[in-house]
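A.B. asks: Take this sequence and fold it.
(chains A and B)
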Protein chains: 2
Amino acid sequence: VTQVWCNGAFLDEKDARLSIADRGFTLADGIFETLLGIGERPVWLAEHLRRLRDGAAELGLHIAFEDQALEAAVVALLRQNGFARSAVRITLTRGPAAKRGLWVEDQSSPTLLMTCASSAMLSEPQRVVVARSTRRNEHSPLSQIKSLNYGDNILARREAMARGATDALMLNGQGRVVCATVGNLFARIEGQWITPPVADGILPGIARGKILSHMDVKQASLSEADLRSADAAFISNSLGSIDIVEVDGVQLRPCLKELPVGVLYDFE
Amino acid sequence: VTQVWCNGAFLDEKDARLSIADRGFTLADGIFETLLGIGERPVWLAEHLRRLRDGAAELGLHIAFEDQALEAAVVALLRQNGFARSAVRITLTRGPAAKRGLWVEDQSSPTLLMTCASSAMLSEPQRVVVARSTRRNEHSPLSQIKSLNYGDNILARREAMARGATDALMLNGQGRVVCATVGNLFARIEGQWITPPVADGILPGIARGKILSHMDVKQASLSEADLRSADAAFISNSLGSIDIVEVDGVQLRPCLKELPVGVLYDFE
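C.D. replies: Down below sits the predicted model:
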């Protein structure tokens, strides 16, 4: 039976149930992190906890545990579940509301939940389309933290599936290409690797940060015309990086094997 | 003990618990409606169910009940709880995910939940500020349906509270004034009542629709300069309408008593 951790206690997944008044459920009032576990080792945990705390500060959410306690919990969760390769999710919400409506209580009882699932290495190269059904909101701080507000990404993913693609690239309000639905975007244009800047409305991915310090990548806005002139592209997130081999029906050449990206994820 | 209704069954609120894998909780993958109950009478229920079905269609969510069954459930919920004046919330999510990540299953088991709370008539006139911390995304279909993605509205409300106001008015990406955090905006400018059009990124409120068919109101975009030239303004939602008596420190005159709006809510 899969184990989860909730507010300090380990539980069987089937016994872990949420209040229907949890503001994570009623109003998407929370944040999360998804991180890779290799055996009992949580990957880039310090960076994920840093980002969790930054997101919590942005929303005024309290985390009742020190990093050391959170690390011990993640490691114990990985040990108890015993998967070779895991996706760990840490979810933090404002918890059950004392009264209905948008009202934000000073005194809240946050929900802090950690779950763990067996997760295979990403392998299928991505055929993407540029989403036309919705856009990311670069005017919102939520576009730059890992908030629970994933509705636009879900719409974009649904559009991709309806159009026979595996994922979608999203535009921001100004029409700049900013990211995929669950990862950052890197594109090679005239020999230069480019990734959109955070101000364009992207999550500052942990893997993105590692890649930026490991490869020559320029942070610059990408127009759709820029994207069409790319000869290679890939998507990164904390679970892996993966080639984009098609954009709106145009083929790109797989490139990740030639890049020093794989070594970043080489934990085994 | 407060009663709730979940997927066809009535339960004590304390026994109604959610799966931690519910996509409403993990990804804000759902919608809701809030409606007024007067005794056992749900107000404007047909309109709320129509909007619920429209939102469900937009997200590809299935509703396993006919309107007649939903109406019977709402009426029974109002009767069992016995409040004189209630706020009923209907929440629909894609339900527990069969696997992690953004992947959208064709076969899902949606969560349909109805809760009921005693709700006093709105009375306190609103002192609002124009939110500077975030904006609504008029490029997203979610701005026009009542999705669970309330993060931006929560940020705006938190900003309002930090600035000593009772609520915030929100701008869209183009800088147009569009709505309050939980209601539509009406402003009187040179004697003409104006409310922003849906395309500016607002929820087409049920009360807003009633007011539009009851009063001479023009649907037009509002700039911040327009807002500053208003001499009266109010906010409407399904639970009531309320005067705005201050915008960014500038006083407005209460006006609702002079308008034929109150009669719309006169159910008692």
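A.B. asks: separation between the spatially closest residue to A:Pro196 that is not a sequence neighbour and chain B?
C.D. replies: Here the nearest residue to A:Pro196 in space, its sequence neighbours aside, is A:Val178; by CB to CB, 6 or more residues apart in numbering or on different chains that works out to 4.9 Å. Any C-beta I mention is one placed from the backbone N, CA and C, and that applies to glycine too. Distance, A:Val178 to chain B, using CB to the nearest CB, to the nearest Å: 12 Å.
A.B. asks: shouldn't A:Val178 be in contact with A:Leu185?
C.D. replies: Yes - between A:Val178 and A:Leu185 a contact is recorded at 7.1 Å, counting by CB atoms under 8 Å.
A.B. asks: which residues do those two both contact?
C.D. replies: Common contact partners of A:Val178 and A:Leu185 (CB atoms under 8 Å, 6 or more residues apart in numbering or on different chains): A:169, A:196, A:222.
A.B. asks: Just the ones of those in strands?
C.D. replies: A:Leu169 (DSSP state E).
A.B. asks: ok, the shared contacts of A:Val178 and A:Leu185 vs B:His214, which is closest?
C.D. replies: A:Leu169 (44.6 Å; CB to CB).
A.B. asks: Mind jotting down where the helices sit in chain A?
C.D. replies: With helices called from DSSP state H, chain A shows them at A:23-27, A:45-59, A:67-81, A:151-162, A:206-212, A:224-228.
A.B. asks: For the last one, name the packing helices and strands.
C.D. replies: What that stands for is helix A:224-228. strand A:177-180, strand A:184-189 (3 or more CB pairs under 8 Å, 6 or more residues apart in numbering or on different chains; DSSP states H and E).
A.B. asks: out of the shared contacts of A:Val178 and A:Leu185, which are buried?
C.D. replies: Taking 16 or more other CB atoms under 10 Å in any protein chain shown as the criterion, what is buried in those is A:169, A:196, A:222.
A.B. asks: which residues does the first one form a beta bridge with?
C.D. replies: Taking DSSP bridges as the rule, A:Leu169 bridges to A:Val130, A:Ala180.
A.B. asks: measure it to chain B for me?
C.D. replies: Applying CB to the nearest CB to A:Leu169 and chain B gives a distance of 14 Å.
A.B. asks: which ones are touching the residue nearest to the spatial centre of chain A?
C.D. replies: By CA atoms, centre = their mean, chain A has its centre lying nearest to A:Val182, at 5.4 Å. By CB under 8 Å, 6+ apart, the contact set of A:Val182 is A:153, A:167, A:237, B:101-102.
A.B. asks: okay, it: pLDDT?
C.D. replies: Predicted confidence (pLDDT) at A:Val182: the value is 95.
A.B. asks: now do A:Glu268
C.D. replies: 68.
A.B. asks: for A:Lys14, same thing?
C.D. replies: At A:Lys14, the predicted lDDT confidence score is 89.
A.B. asks: now the one 5 residues further on
C.D. replies: According to the predicted model, the pLDDT of A:Ser19 comes to 96.
A.B. asks: Up against chain B, what does the stretch 51-200 of chain A have?
C.D. replies: With CB under 8 Å from any CB of the partner chain as the criterion, the stretch 51-200 of chain A meets chain B at residues A:59-60, A:87, A:89, A:91, A:93, A:99-104, A:113, A:115, A:117, A:119, A:133-137, A:139-142, A:147-155, A:157-158, A:161, A:173, A:181-182.
A.B. asks: where in the stretch 151-268 of chain A is pLDDT low?
C.D. replies: A:268 (pLDDT under 70).
A.B. asks: now with 50?
C.D. replies: In the prediction, the stretch 151-268 of chain A carries no residues with pLDDT under 50.
A.B. asks: what's around A:Ile244, how many residues?
C.D. replies: Neighbour count for A:Ile244, taken as other CB atoms under 10 Å in any protein chain shown: 25.
A.B. asks: Buried residues in stretch A:165-178, which are they?
C.D. replies: Buried-residue list, stretch A:165-178, by 16+ other CB under 10 Å: A:165-173, A:176-178.
A.B. asks: again with stretch A:233-250
C.D. replies: Neighbour-count burial for stretch A:233-250 flags A:233-247 (criterion: 16+ other CB under 10 Å).
A.B. asks: same question, stretch A:206-214
C.D. replies: With burial defined by 16+ other CB under 10 Å, the residues of stretch A:206-214 counted as buried are A:206-208, A:210-212.
A.B. asks: Is there proximity between it and chain B?
C.D. replies: No - Stretch A:206-214 lies out of reach of chain B by CB under 8 Å from any CB, never closer than 15.5 Å.
A.B. asks: Would you mind listing the outside residues contacting that stretch?
C.D. replies: Outside stretch A:206-214, the residues that touch it by CB under 8 Å, 6+ apart are A:35, A:44, A:47-48, A:51, A:183-184, A:186, A:195, A:217, A:219, A:236-238, A:241, A:260-261, A:264-265.
A.B. asks: which residues touch A:Leu239?
C.D. replies: Going by CB under 8 Å, 6+ apart, A:Leu239 touches A:34, A:36, A:87, A:119, A:122.
A.B. asks: no wait, A:Asp67
C.D. replies: Neighbouring residues of A:Asp67 by CB under 8 Å, 6+ apart: A:46, A:49.
A.B. asks: Next one: it from A:Ile90, what distance?
C.D. replies: Distance, A:Asp67 to A:Ile90, by CB to CB, to the nearest Å: 12 Å.
A.B. asks: same question, A:Val104
C.D. replies: A:Val104 sits 22 Å away from A:Ile90 when distances are taken as CB to CB.
A.B. asks: more neighbours, these two?
C.D. replies: A:Ile90 (25 against 19).
A.B. asks: Can you spell out which residues form a bridge with the more buried one?
C.D. replies: Beta-bridge partners, per DSSP bridges, of A:Ile90: A:Glu33, A:Met114.
A.B. asks: Check what pLDDT it gets.
C.D. replies: 98.
A.B. asks: how near is it to chain B?
C.D. replies: The value you get for A:Ile90 to chain B, if CB to the nearest CB is used, is 12 Å.
A.B. asks: That residue: what's it in contact with?
C.D. replies: With contact taken as CB under 8 Å, 6+ apart, A:Ile90 is in contact with A:32-33, A:35, A:48, A:52, A:70, A:74, A:112-114.
A.B. asks: Specify which member of those residues is nearest to chain B.
C.D. replies: Distance to chain B across those (CB to the nearest CB) is lowest for A:Leu113, with 6.1 Å.
A.B. asks: Verify the contact between that closest one and A:Ala9 for me.
C.D. replies: No - if you go by CB under 8 Å, A:Leu113 and A:Ala9 don't touch, sitting 10.6 Å apart.
A.B. asks: Give me the more crowded residue out of the two.
C.D. replies: Taking neighbours as other CB under 10 Å, A:Leu113 and A:Ala9 compare with A:Leu113 leading, 24 against 10.
A.B. asks: I'd like the distance between the residue lying closest to the more buried one once chain neighbours are set aside and A:Arg188.
C.D. replies: Nearest residue to A:Leu113, sequence neighbours excluded (CB to CB, 6+ apart): A:Thr91, at 4.6 Å. Noted for A:Thr91: a distance of 35 Å to A:Arg188, by CB to CB.
A.B. asks: which of those two has more neighbours?
C.D. replies: For A:Thr91 versus A:Arg188, the count of surrounding residues by other CB under 10 Å is larger for A:Thr91: 23 against 19.
A.B. asks: thought the more buried one was touching A:Asp29?
C.D. replies: No - the pair A:Thr91 and A:Asp29 fails to qualify as a contact (CB under 8 Å) at a distance of 11.5 Å.
A.B. asks: shared neighbours, the two?
C.D. replies: A:Leu148.
A.B. asks: what's the closest of the buried ones among the shared contacts of A:Val178 and A:Leu185 to B:Lys14?
C.D. replies: If you rank these by distance to B:Lys14 using CB to CB, A:Leu169 comes first, at 44.9 Å.
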